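only geometry, no sequence info:
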């Protein structure tokens, strides 16, 4: 796209940002007075001047913020935070605007990709085969640093909808006036509303939020995506998607992820699974009601006539039966949720109860020449049945391996066998395999375990209650040995789980990733285990904790190598491996643009599909609107098919040697700071709002896995979130630039440039680093240190900022560029524009943290919350 075309494309975005900013200004003036609006504008102008390099403006800005009285703190912070939220809405709407229509973009992506593959010599049958075997599992997870309230998300969606309507041609003056009035109403509602929940959400609240995303977006997005995929397949390969095709499905961790979260109990998991069934039944009920309105035809096939018992309107007769089934299902579940005895009417138990009558209607319409009707709304419902099933989403259970060890320790002690926790790996495995092959119960009937162990057993009992289709996998956090996997199989067996439930070890730390091949290889050598998994294995790769353990560059190479080795060992045993990627939205948690991330995976890693986590804010960004969800699914499809049909380049030996060196150097540099600097933890807690984050009502899960104040106990998400607040962005770059600079100094610049040009994995690493460097701000970090960090600790921050400057120079040398984001001018411009509004929030946050740490005050704490939300909006991510 030419620069002039790009400018035209973004003109509408600039206009919308300006419109929303003006409406917000008018709202503030009405609510708070003209003098207050003038104060906000003065701060904005000084911030712009400071950002453009004026020392005088910077000093005046700081003085202005320091002089704010207590009553002005929250409204000033809210003014800037709300502008950033509105700018985000405008950007998101721009992505779904007519000019940038993601539905057209999705079709273009699918069509262009298939055309390019054909032009590159890929046979049509091979493309059709890749689509036929396509498997995308998106795992929706709760976000412990999710900032935005659900009611506010709804208002933001409504604002986006108004902007979309305003860009339509042919609106009358009255229609335009009504939309403008609605925008003013929504912005005013937002200003006068409460930005934050008063209490932490429960795991059930989080699950309901996830189900709302399905209801409001994904329920419509899936059939729309399938239509566009079917169209592209027909156009380029001459084939159609099978009627029962289900290339995409959804899984939820909300209400099932109990790793480090004592609030997720067996009772919660059982309730959440009931709620998901109710939500599915309710959505199908609405679909059936619409079909009842439409399928009033009397002509039908002989088979359907018999099915409908010779009814005059056979389609409606069949649909009425489904409607009653779904109504009874909703009533049944509602009674169970109330703790009451449900009625005896038949309820929806299996997918076939929906599929069979709907498919019969579809086939009759096709047989009777009414294809256009069959392939309308009815086809959409059939697609939903195959995607969402009876349970809406499948549910994963996740628990830390130490909890299973604790359970088995209590059991073996009660049986007089000794303490399982004290046994070596060989003894543990021998015991577990012996018991797995033993039909007698292991757990004594009258035995009373501790509360923690009872919870583990109760969770396994919940899994045993569920049909196989309701569950996704049992994920074991901090899996380190083969016995960690076998232990879960034994506990599930004891609970009565009879149908196969994938048990997926999660390898998280650098050491665990390096040993993943050994652990899985030892499991696959066992005859019982091979028989249990039936030729299919799922392994989860942890991105967050490995990066927190060793730094992003070292972790990313360990993840890459672990995937290669796992693919190799599974292939050697004839086992199909599904890799489950535990990515977050930020660079420090493995985040990257979807296409680039997938094409940078090791060759063969997507052969058995994609299973990946989508978290909090990224769910909203990528899946929160129907059109965006369609675009996201198309991007995943295109990248997976290309990766499987045109294998990404495997790294040359010279590249591997270079990555091995870079990994070692970056890990050493990272750990030298994070582990070996004795005062680093103290510095971290002073220089960031980490202490304050733990007390905010952001998510149901505690910020730490266990007691203590060290980095090792802090969860990866708040660790990254805290550093993004003071703009040092430390976890996303520490160690990487130092390693690259070492390589350049060693005369390897040409090799690094060659790797960047020809190896997607390395190119993606550099691109992610460049974006992080562009978002970081050493001046703001220094200001936090000046106000918050004891003088004795300040050299740590000074050293980190010097390292950051040096790292930026190194990456610019490798890229052959004079400035960051030189090839992405719009990205650079948006960061600059946002900084004008984010900078005052950062300066204000540092001042507020200083005051509140000296003497706690509820007004200060509320203002801190507003700045945290605003900075997160400005940075476009949290953790």
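Nice, thanks for sending it over. For clarity, every value in this text was computed on a predicted model and none was experimentally measured.

stretch 158-174 - what's its average pLDDT?
Confidence for stretch 158-174, expressed as mean pLDDT, is 87.

likewise stretch 815-824?
Stretch 815-824 comes out at a mean pLDDT of 89.

between the two ends of it, how far is it?
Its start and end residues considered, stretch 815-824 measures 13 Å (C-alpha to C-alpha, to the nearest Å).

can you check stretch 108-127 too?
End-to-end distance (C-alpha to C-alpha), stretch 108-127: 16 Å.

please identify which helix or strand holds residue 139.
strand 136-141 (DSSP states H and E).

what does the following helix or strand past that strand contact?
Later in the chain than strand 136-141, the nearest helix or strand by DSSP H and E is helix 150-166. By C-beta atoms under 8 Å, 6 or more residues apart in numbering, the residues outside helix 150-166 that reach it are 16, 20, 85-86, 88-90, 92-93, 96-97, 148, 171, 176, 179-180, 182-183, 186-187, 189-190, 193, 195, 209, 212, 216, 620, 624-625. All C-beta atoms are positioned from the backbone trio N, CA, C, and that covers glycine.

quick one: buried ones out of these?
Buried members of the contacts of helix 150-166, counted by 16 or more other C-beta atoms under 10 Å: 16, 20, 85-86, 88-90, 92-93, 96-97, 148, 179, 182-183, 186-187, 190, 195, 209, 216, 620, 624-625.

could you measure the nearest residue to residue 838 once chain neighbours are set aside against residue 774, distance?
Once flanking residues are discounted, residue 838 sits nearest to residue 874: 3.4 Å by C-beta to C-beta, 6 or more residues apart in numbering. The gap separating residue 874 from residue 774 is 13 Å, by C-beta to C-beta, to the nearest Å.

so which of those two has more stuff around it?
Higher neighbour count among residue 874 and residue 774: residue 874, with 27 against 18, using other C-beta atoms under 10 Å.

and the more buried one, what pLDDT?
You'll see residue 874 listed with a pLDDT of 87.

okay, and it sits in which element?
helix 858-875.

relative orientation of that helix and helix 150-166 in degrees?
Inter-element angle recorded for helix 858-875 and helix 150-166: 40 degrees (by axes from the mean of the first three to the mean of the last three C-alpha atoms, to 10 degrees).

chain center to helix 858-875, what's the gap?
23 Å (C-alpha atoms, centre = their mean, to the nearest Å).

packing partners of it?
helix 70-95, helix 690-693, helix 716-725, helix 825-854 (3 or more C-beta pairs under 8 Å, 6 or more residues apart in numbering; DSSP states H and E).

can we see that at 6 Å?
Packing partners of helix 858-875 (3 or more C-beta pairs under 6 Å, 6 or more residues apart in numbering; DSSP states H and E): helix 70-95, helix 825-854.

tell me the residue in the protein that is farthest from the middle.
residue 310 (50.0 Å; C-alpha atoms, centre = their mean).

for the residue nearest to residue 838, which residues are in contact?
Neighbouring residues of residue 874 by C-beta atoms under 6 Å, 6 or more residues apart in numbering: 84, 834, 838.

top of those residues by neighbour count?
Busiest of the contacts of residue 874 [other C-beta under 10 Å] is residue 838, holding 28 neighbours.

quick one: that one and residue 203, what's the gap?
Residue 838 is 32 Å from residue 203, where distance means C-beta to C-beta.

again, but for residue 362
With C-beta to C-beta as the criterion, residue 362 and residue 203 are 39 Å apart.

so between those two, which is more surrounded?
With neighbours defined as other C-beta under 10 Å, residue 362 and residue 203 compare such that residue 203 has more, 25 against 21.

touching, that one and residue 255? I think so.
Yes - counting by C-beta atoms under 6 Å, residue 203 does reach residue 255; the two are 4.9 Å apart.

the residue nearest to residue 266 when sequence neighbours are not counted and residue 129, how far apart?
Nearest in space to residue 266, with sequence neighbours left out and distances taken as C-beta to C-beta, 6+ apart, is residue 458 at 3.6 Å. As judged by C-beta to C-beta, residue 458 and residue 129 stand 44 Å apart.

with residue 802 instead?
Taking C-beta to C-beta, one finds residue 802 at 54 Å from residue 129.

on that earlier part again, mind listing the shared neighbours of residue 203 and residue 255?
residue 268.

residue 34: neighbour count?
10.

quick check, pLDDT for it.
At residue 34, pLDDT is 96.

in three-state terms, label residue 197 for me.
At residue 197, secondary structure determined by DSSP: H, G, I helix; E, B strand; the rest coil is coil.
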